Structure formats: structure tokens, C-alpha cells
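Undergrad: output the structure for:
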Amino acid sequence: MKIVCVGGGPSGLYFSILARLRSGGRDEVTVLERNGFGTAQGFAVTLGEDILDGLFRTDPVGAHAVRAAAHVWGEQVVEVGPSPVHLGGRYGYSIGRARLLEVLTERARQVGVDVRFETELTDDPAVDPLTADADLVVAADGINSPIRNRHTDHFGTDVSHGTNRYVWFGTSKAFTAFTFAFEPTEAGWIWFHAYPAADCVSTCIVECSPQTWTGLGLDRMDPDEAMQMLERRFARALDGHTLIAPPGMGASPWLRFREVRNSTWRRDNVVLMGDAAHTTHFAIGSGTVLAVADSIGLADALYGDGADVPAAADLPSALAAYDARRRAVMRPIQDMARRSMEWFEDIDARLEDDPVRFAWSLLDRRGDQGPLHYQLHRATQIEPVRQVRRRLTSARRYRRALSRGEITRAQLLTGSA
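TA: Sure thing, here's the model as predicted:
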């Protein structure tokens, strides 16, 4: 089978790796990426335990390389006053987006994928010379997917917008915890979501309501002037560190979140993947995770996973199975992400609460926390309790790493993990 992946982001690259591995090297796989090697939008991305489990299940060699390049952050804090509020039991992994793409590109080439940079389609996949003879075309070409946009009526594409404004920055401050920091202004509240990475500057996403955005003049301000003003506003939370402009920042870097949904992800021999198929608000930090999960889902549908998911009898059946399974998984996730987005859109009234209750509301913004967890949340603000939770969280993390083969029992016992 000849496969062409249009888009060299995490989903396109990871699916290309799995296609080569699952076919035993028989399938011819090409990745087309319009940007040059090493080009990445944004700074770092976050990963969770479930996707690491998936990576180690499907490609242990590549998974070790990804995990080695990732940074573990062991806490979440909410800063909405003089003292931070701690969200106990929370941890995750982050990796520079450019570094992740480098790792995946290297692995793809190791297994025989033809990765072509500075190459893009100029026509419909059915007639473009790069894809016309492909058995399968994977549209992993992002939120503005040209392939999807040629056939929006068929895919049933629906794009809705959030109301808040946001912009992606880096910062020279090396955050040690995933941090939500809120600052009052004369025009309303403004806040950032920040998290560290091992191989690049910390990511810092600044967000505010449209009223605050216009009230502070950010809608009219030169980007460099706006960045300097935000540094002053967040001087306390940033400890005087600077913000760093995103690559290719234009005259208007402020965005409104776009939620993309499609009623089907397939058309003939073309399937959508990642942001071309779906988006989730950045507040749940799952864009890369869900894109890679799409890659695994498509590989399982095409080739089977050797256990619970048998390979489909033919290509149309495989694409239909992938479409049905992944859309069913994504529907509640997108609903949850929308609730999270709407929580941040109605934040001024919530900030009238005391900081500990406000932080609990932030933690439970998706409605997934049980009633007894609130008392544990309050207790976590006491340092000895917090230390116990840290130890329990570390033990949980090591147990998960051991179960998927990331570390060995000997490494765990000798402290070398």
C-alpha cells in the first residue's frame, strides 16, 4: 500500500512510523511537510500518562526517545493573591515542540519513511501529482487544513469561536510547576497559563476577556509594546523575567479559540487527523496528545494492534472503523474542553471568591472532581499534607512507568530511574 501523510506534525509523523512498523516495512509511506526542518509553531507541548502508555505500547524504541527528551513537572499552582494555592496530586510531562518533531522525524527516517520538507500540495489529493496514485491520503495538515477546506460540505465541518482573546508567548522564567496566574487591572482580570520544558523556554499563554483586551488597548497596541506592558502587569508572577515573542509573530498575534468539529473524518481514500479533524481548547492541554491518539487509532484500524483490535478486511472498512471509533471518543472530550473554555470566559465573577475556593473551581471546571476531593484540596494547602501527597504522586508516577516498561524494577530499587 502507498500512503501519503500531508503534514509533518506529531500526528502525521507518528502515523507514518506506525504504518512502517505494522506493515513490516512493506507499505511505502511518505510525509509531506510544507515548512522546513526544525520549524515549529509555539514553544512546548504537554503529554500525559495515557499517551505515554500508547507510545510504549506501539513503538517502545521511539517512546524511550520521546520520554528522554521530556520534562516532568510535579505540581500545579494557582496564583491569585500573595500566596499560591496548590492543586495536589497533579503532574505531567512537557517537551519542546521543535524537539518533539526532531525526535519523531529521526524515528520516521529510521524505519524507512520518506519525509519531505518544504513540500506541499497544490491541488486536490485526487489529482495532485504528489498524492494521485496513493492508496491512502492522511490529511494531518492542521486547523486550516486545505484538504478539508476543499470539501467542507462533505466533511460537515463546523467551526465555532470562543470569546476570550489569547496569545502564545515564551518566557525566560524557568517555571517548576504548571502555573495559573491572575492579575487584576483597571479593565478587568488578565491571566496566564505557564508550564516548563526541559529543552526550551517556558510556555506562557496570556488570556483575557474581550472587554479587558479592548479596555487595556491591547487591540490597538503594537505587539512589542503590548508584550512589554504585559511584562509589567505580570512582574510579580514572572519574577521580573521577560516574555518572548512566538516565532513569526505578526502585527496582530491575539487569537480567538476555534473549535473544529466534523460530521465525518473520511472521504474516499482521504482521512482527517489531528487539528484538521478536531480541536480542543488549550486550557485542557490535549491537542498533541489527541492528535497522536488519532495516529494510533488509524494504525489499529488498518493493521490491528495484535490484541483487542483486529485489522479490517479492506481499506474502506478500516477507514470507516477509524472514523466511527475516534469521533465517538472525541465527542465527550470536545464537550469537556468547551466547558473548560466557558469557565475561563466567565471568570470575573468567580474571582470574587476566596483564593482556595476559586482554585477548587478551576480544578473542577470540567466537572470531573468528586465532592470529597474538596476537603482534600483544602488540606493540601498545609505543607505537611502537601509533602505526603507529593510522595504518593511520585509513587503513582513510578508505578505507571514501571508497568509500561519505561523503567525496570532494578532501576527503581537502585534509584537510577
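Undergrad: when you work out contacts or count neighbours from here on, use the C-alpha atoms and nothing else.
TA: Noted.
Undergrad: check which element follows the lengthiest helix in the chain along the chain.
TA: Using DSSP state H, we find that the single longest helix of the chain is helix 315-345. Under the assignment DSSP states H and E, the closest C-terminal helix or strand after helix 315-345 is helix 347-350.
Undergrad: what are the buried residues along that following helix?
TA: Using 16 or more other C-alpha atoms under 10 Å as the burial criterion, the residues of helix 347-350 that qualify are Ile347, Arg350.
Undergrad: helices or strands up against the longest helix of the chain?
TA: Judged by 3 or more C-alpha pairs under 8 Å, 6 or more residues apart in numbering; DSSP states H and E, helix 315-345 is in contact with strand 266-267, helix 287-303.
Undergrad: all helices for the stretch 51-200 of the chain, in order.
TA: With helices called from DSSP state H, counting those that start in this stretch, the stretch 51-200 of the chain shows them at 60-69, 97-110, 146-150, 152-155.
Undergrad: in TSV: the ones you listed, plus mean pLDDT.
TA: Output for the helices of the stretch 51-200 of the chain, formatted as TSV (pLDDT from 0 to 100):
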stretch	mean pLDDT
helix 60-69	96
helix 97-110	96
helix 146-150	96
helix 152-155	96
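Undergrad: hey, what's Thr171 bridged with?
TA: Ser202, Leu243 (DSSP bridges).
Undergrad: surely it touches Asp239?
TA: No: contact criterion C-alpha atoms under 8 Å: Thr171 and Asp239 do not qualify, at 10.8 Å.
Undergrad: please say which of the two ends up with more neighbours.
TA: Thr171 (23 against 10; other C-alpha atoms under 10 Å).
Undergrad: if I look at the more buried one, how far off is Leu238?
TA: Noted for Thr171: a distance of 8 Å to Leu238, by C-alpha to C-alpha, to the nearest Å.
Undergrad: cool, and Ala245?
TA: 15 Å.
Undergrad: Leu87 too?
TA: Taking C-alpha to C-alpha, one finds Leu87 at 19 Å from Leu238.
Undergrad: ok, now Arg261?
TA: Counting by C-alpha to C-alpha, the gap from Arg261 to Leu238 is 36 Å.
Undergrad: count of residues packed around Asp335?
TA: Counted with other C-alpha under 10 Å, Asp335 comes out at 13.
Undergrad: re earlier: need the winner for burial among the helices and strands packed on helix 315-345.
TA: For the helices and strands packed on helix 315-345, the largest average neighbour count (mean count of other C-alpha atoms under 10 Å) is found in helix 287-303, namely a mean of 23.
Undergrad: send the alpha carbons of it over as PDB?
TA: Output of helix 287-303 as PDB, limited to C-alpha atoms (Å, rounded to 0.1, in the frame of the first residue of the first chain):
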ATOM      1  CA  GLY A 287      -4.000  18.900  21.300                       C
ATOM      2  CA  THR A 288      -0.800  17.000  20.700                       C
ATOM      3  CA  VAL A 289      -2.000  14.000  22.800                       C
ATOM      4  CA  LEU A 290      -5.300  13.700  20.900                       C
ATOM      5  CA  ALA A 291      -3.500  14.000  17.500                       C
ATOM      6  CA  VAL A 292      -1.100  11.200  18.400                       C
ATOM      7  CA  ALA A 293      -4.000   9.100  19.700                       C
ATOM      8  CA  ASP A 294      -5.600   9.600  16.200                       C
ATOM      9  CA  SER A 295      -2.400   8.100  14.700                       C
ATOM     10  CA  ILE A 296      -2.600   5.100  16.900                       C
ATOM     11  CA  GLY A 297      -6.400   4.700  16.300                       C
ATOM     12  CA  LEU A 298      -5.900   4.700  12.500                       C
ATOM     13  CA  ALA A 299      -3.000   2.300  12.700                       C
ATOM     14  CA  ASP A 300      -5.100  -0.100  14.900                       C
ATOM     15  CA  ALA A 301      -7.900   0.100  12.400                       C
ATOM     16  CA  LEU A 302      -5.700  -0.600   9.400                       C
ATOM     17  CA  TYR A 303      -3.300  -3.200  10.800                       C
END
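Undergrad: neighbouring contacts of it?
TA: For helix 287-303, contacts defined as C-alpha atoms under 8 Å, 6 or more residues apart in numbering pick out 10-12, 14-15, 18-19, 22-23, 45-48, 51, 54, 58, 273-275, 279-280, 305, 309-312, 315, 318-319, 321-322, 325-326.
Undergrad: repeat for stretch 125-134
TA: Met1, Lys2, Ile3, Val4, Leu121, Thr122, Val137, Ile147.
Undergrad: would CSV of those with distance to Met229 and neighbour count be doable?
TA: Output for the contacts of stretch 125-134, formatted as CSV (distance: C-alpha to C-alpha, whole Å; neighbours: other C-alpha atoms under 10 Å):
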residue, distance to Met229, neighbour count
Met1, 55, 12
Lys2, 52, 14
Ile3, 48, 21
Val4, 45, 26
Leu121, 41, 17
Thr122, 42, 11
Val137, 46, 25
Ile147, 40, 23
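Undergrad: what residue ranges in this structure score low on pLDDT?
TA: The model of the chain has pLDDT under 70 over residues 198-200, 248, 250-251, 306-313, 417.
Undergrad: domain map for it?
TA: Here the domain assignment for the chain is 2-41+96-160+257-342, 165-244, based on automatic domain parsing.
Undergrad: select, out of these, the one closest to Arg397.
TA: Smallest distance to Arg397 across those (C-alpha to C-alpha): 16.0 Å, for domain 165-244.
Undergrad: now the end-to-end length of the closest one.
TA: First-to-last residue span, domain 165-244, C-alpha to C-alpha: 18 Å.
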